[in-house]
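Novice: no sequence for this one, just the structure:
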């Protein structure tokens, strides 16, 4: 198929077939090959050319490229969450529901301590960046999942 835009339905159907094959296999090799085929069909392929002035610089750049590529692959396989403590802050919205299920006062105290503790990472990051941790916490707390706070830009 040539990517003219006329075959989008056929491409989508073929991707579904490959995904079904991928789910049916137990082989890690076959799964990886299916992922490559899906990426090629979906247009999600990129080519990165690494160049440098010296052989030593080229080796260093190539190692950094491979490290970045492996990080992306791991994130795709394992999943990612927003960093900087914002995922923990997002979990705060479930505190009342969880507290309502607790009968024992010791359990309630433990849950309360846990929810206080999960605010510590974002507050510490903010403090380290010269911002007021409580202000940053309030700014992030009501945002949808996936929103974070950039310490470099405030």
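Specialist: Arrived safely, thanks for sending. Computed from a predicted structure; not experimentally measured.
Novice: quick one: secondary structure of the residue nearest the centre of the chain?
Specialist: Centroid check for the chain by C-alpha atoms, centre = their mean gives residue 80 as the closest residue, at 2.2 Å. Classification of residue 80 using DSSP: H, G, I helix; E, B strand; the rest coil returns coil.
Novice: State the distance from residue 84 to residue 22.
Specialist: Computed with C-beta to C-beta, to the nearest Å, the distance linking residue 84 and residue 22 is 33 Å. C-beta here means a position set from N, CA and C on the backbone, and glycine is covered the same way.
Novice: Please spell out which residues along the helix or strand hosting residue 56 are buried.
Specialist: Using DSSP states H and E, residue 56 maps to helix 55-78. Buried residues in helix 55-78, defined by neighbour count with 16 or more other C-beta atoms under 10 Å: none.
Novice: Please shift the residue numbers so they start at 43 in all later answers.
Specialist: Fine by me, first position is 43 from now on; the one you just mentioned is helix 97-120.
Novice: Quick one: mean pLDDT over whichever helix or strand comes after that helix.
Specialist: Following helix 97-120 in sequence order, the next helix or strand is helix 128-133 (DSSP H and E). Across helix 128-133, the average pLDDT comes to 82.
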